[in-house]
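J.: sequence and computational prediction follow.
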Amino acid sequence: MKRLFRLPILLLVLGGQAQAGEDVKPGHIRFPSGAQVIVGPESATGWIAKLEKQLNKHLKRDPKDVFKNLGNASKSATWTIPIVVPYSTSPDKIPAICEDYIAYFFLPRVRAIPPKIKNLQLKVSLKGGEVERTCSHRVEGQRVISENSDTPINPALNFRRLDLGDIGYVMLAQTSVLRRLDMEKPILEYIMIVPKQKHDGIEISQYVERSAKYLYSKSKGTSNFAFVIGQQGSTPSAFKPTGLRRIAVRTQDNSILQINNIKFGTGRTISRSAVKLSPKDFSVQVYVDNTSLARHMKSKTVDEYVKVGIYGDSRLYMKLVGEYAAKQWNSNNVIIISNARTGKRGMRMSFPVVFAKRGEEWIAERPKK
C-alpha cells in the first residue's frame, strides 16, 4: 500500500526598509547597515525546482527516521535557523549580518521564545553554496546575547511619535526594506508600538490605516508599507512583540487595504513516487485584514455583508494584489481570504472567495456555504 504525504501550504513571510529599494532584488531584505539577506523566493521557477528537489529527497527517507528527527528537534534546547546571503557577501561581514537579522527580522516577529530554548543558531550559507558559518548566540529568557559584546541584541531604532487624532498615537521606527516576488513595489517596514491596553482587530486596523495614510502622504508612491506591531513597554525599545503584521496597500481613491500575508502552496496529496511539480499544482492565497467584515461581526450583520459586499471587496484585493501575485507565480487560482478579529476576547472569522482564471478574466466562484 502506498504511503501518502500531504504537501504543506508554504508560507512566505517577509519584511520591509528605508529609501526606495531599487537595489533590493525579489526575495531580499536590506537592513539599516546595508546588508542583505535572502528571505523569500527570487523566482517562481527556481523556488518550485528547489521544492521539488527537497520533496523527492524527503520521500526517499524512511518515515520512521523523519518522525524520529522531528521528535529530537522538539526536545532540543537549540533553535536553528538557516539563512542565505548574496554570493558576493564577504565572510568577515557574516557575524554582523547575523546580529542584524536577529535584531530587525527575528525578534520583532517572534511573540515569545520558548522557555526551553537556550541557544539560537544561524546557519549562514552563500547563495548557491554550502554553509559558510554558524553564528551561535546564548538565549536568556526573551533576550538573545551577542557573540561579540556579551550584551543583549536590540535593534538600534529611532522611534518617533505619530499622533493619530481621536484614536491616540503610535510610535514608529523603520527597520528594513524588502522586495517580495509577489508584490509589485518594494515594502518599507516599520515597527509600530501601540499603547499597552489590549486592542481588538478594528482598533489595530485603525492604527495601521492612519499611519499608512500619513506615510503615503510623505512618499512618492513608489513603495508600500508594512507594520510589525508591538505593545508599549517601559521604553519604546522595550516593546513586547504581538505576532501581528500588516502590509498596507493604497488604492486609487486613497483607501488603505491591509494584507496579513501571501502564501503560495497546495494541499494536494502526493505518493511516495517521484514528484514533478508545476505552477498548476499551486494556488496563491492572499490573507487580508477585512475591517468591513469585523464591523459587520460587531453589529451582527455578517449574513448581509456576505450577500452584498464581500465579493466586491475581495475583487478589489484581487485587482491590487492577487492578479500580480498570480502572474508572478504563473497560477490560475487565487483565494482571497478575509480575516476579522473583534472584541477584547478576540472573536475571529475567516471567509474565502475563490477566483479562477478563465481566458483573460478572473471569475469569482461562490463557496457552497
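T.: Great, that's in hand.
J.: can you pull the contacts of residue 226?
T.: Neighbouring residues of residue 226 by CB atoms under 8 Å, 6 or more residues apart in numbering: 15-16, 178, 187-190, 245-248. Backbone N, C-alpha and C define where each C-beta goes, glycine included.
J.: rounded mean pLDDT for the helix or strand where residue 314 lies, please.
T.: Assessed by DSSP states H and E, residue 314 sits inside helix 310-317. Averaging pLDDT along helix 310-317 gives 93.
J.: per-residue confidence averaged over stretch 58-69?
T.: Here stretch 58-69 scores 62 as its mean pLDDT.
J.: repeat that for stretch 23-35.
T.: 93.
J.: how long is it end to end?
T.: Stretch 23-35 stretches 11 Å from its first residue to its last (CA to CA, to the nearest Å).
J.: same question for stretch 291-309.
T.: 12 Å.
J.: can you count the residues close to residue 215?
T.: For residue 215, the count of nearby residues is 20 (other CB atoms under 10 Å).
J.: and it, what element?
T.: Secondary structure assignment for residue 215, by DSSP H and E: helix 201-217.
J.: buried residues in that helix, which are they?
T.: By 16 or more other CB atoms under 10 Å, the buried positions in helix 201-217 come out as 201-213, 215-216.
J.: and the residues you listed, which is closest to residue 231?
T.: Distances from residue 231 to the buried residues of helix 201-217, taken as CB to CB, are shortest for residue 204 (10.8 Å).
J.: give the buried residues for stretch 43-60.
T.: Buried residues in stretch 43-60, defined by neighbour count with 16+ other CB under 10 Å: 44, 47-48, 51-52, 55, 59.
J.: going by distance to residue 276, which of these wins?
T.: Nearest to residue 276 among the buried residues of stretch 43-60 is residue 52, at 6.8 Å by CB to CB.
J.: once you drop chain neighbours, what's closest to the closest one?
T.: Nearest residue to residue 52 in three dimensions, chain neighbours excluded: residue 277, at 4.8 Å (CB to CB, 6 or more residues apart in numbering).
J.: state the pLDDT value of the one you found.
T.: Note for residue 277: predicted pLDDT of 76.
J.: endpoint to endpoint, stretch 143-155 covers what distance?
T.: Stretch 143-155 has an end-to-end distance of 12 Å (CA to CA).
J.: thought residue 136 was touching residue 148?
T.: No: if you go by CB atoms under 8 Å, residue 136 and residue 148 don't touch, sitting 11.9 Å apart.
J.: of the two, give the one with the bigger neighbour count.
T.: Here residue 136 and residue 148 are set side by side on neighbour count (other CB under 10 Å), and the busier one is residue 136, at 14 against 9.
J.: chain neighbours aside, what residue packs nearest to that one?
T.: The shortest distance from residue 136 to any non-neighbouring residue, by CB to CB, 6+ apart, is to residue 121 (5.3 Å).
J.: ok, now how distant is residue 150 from residue 328?
T.: 44 Å (CB to CB, to the nearest Å).
J.: those two - which one has more neighbours?
T.: Ranked by neighbour count (other CB under 10 Å), residue 150 and residue 328 place residue 328 first, with 19 against 8.
J.: check what contacts the helix or strand hosting that one and list those residues.
T.: Residue 328 belongs to helix 323-329 when assigned by DSSP H and E. Outside helix 323-329, the residues that touch it by CB under 8 Å, 6+ apart are 44, 181-184, 262, 264, 279, 282, 284, 286, 331-334, 357, 362.
J.: list the buried residues for it?
T.: Of the residues in helix 323-329, 323-326, 328-329 count as buried by neighbour count, 16+ other CB under 10 Å.
J.: check stretch 168-180 too.
T.: So, applying 16+ other CB under 10 Å, buried residues of stretch 168-180: 169-180.
J.: state the pair within those residues that is farthest apart.
T.: Longest span within the buried residues of stretch 168-180, CB to CB: 169 and 179, 30.2 Å.
J.: and the strands in the stretch 51-200 of the chain?
T.: 78-85, 119-126, 131-140, 143-144, 160-163, 169-178, 187-194 (DSSP state E, counting those that start in this stretch).
J.: most packed of these?
T.: When these are scored by mean count of other CB atoms under 10 Å, the highest mean neighbour count falls to strand 187-194 (a mean of 26).
J.: packing partners of the one helix or strand residue 248 maps to?
T.: If you go by DSSP H and E, residue 248 is part of strand 240-250. Using 3 or more CB pairs under 8 Å, 6 or more residues apart in numbering; DSSP states H and E, the elements in contact with strand 240-250 are helix 107-109, helix 201-217, strand 224-231, strand 256-265.
J.: circling back to that earlier point, where's the helix holding residue 328 relative to the chain centroid, distance-wise?
T.: Averaging C-alpha positions (CA atoms, centre = their mean, to the nearest Å) puts helix 323-329 17 Å from its chain's average.
J.: same for the helix holding residue 314, what does it pack against?
T.: strand 256-265, helix 291-299, strand 333-342, strand 347-358, strand 361-365.
J.: outside of the shortest one, which residues touch it?
T.: Contacting residues not belonging to strand 361-365 are listed as 311, 314-315, 318, 322-323, 334, 353-357 [CB under 8 Å, 6+ apart].
J.: give me the sheet partners of that strand and which way each runs.
T.: strand 347-358 (antiparallel) (DSSP bridges).
J.: quick one: contacts of the partner strand?
T.: For strand 347-358, contacts defined as CB under 8 Å, 6+ apart pick out 290, 293, 297, 302, 306, 310-311, 314, 318, 322, 326, 332-341, 362-367.
J.: contacting residues for residue 193?
T.: Taking CB under 8 Å, 6+ apart as the test, what residue 193 contacts is 159, 170-172, 230-232, 236, 239.
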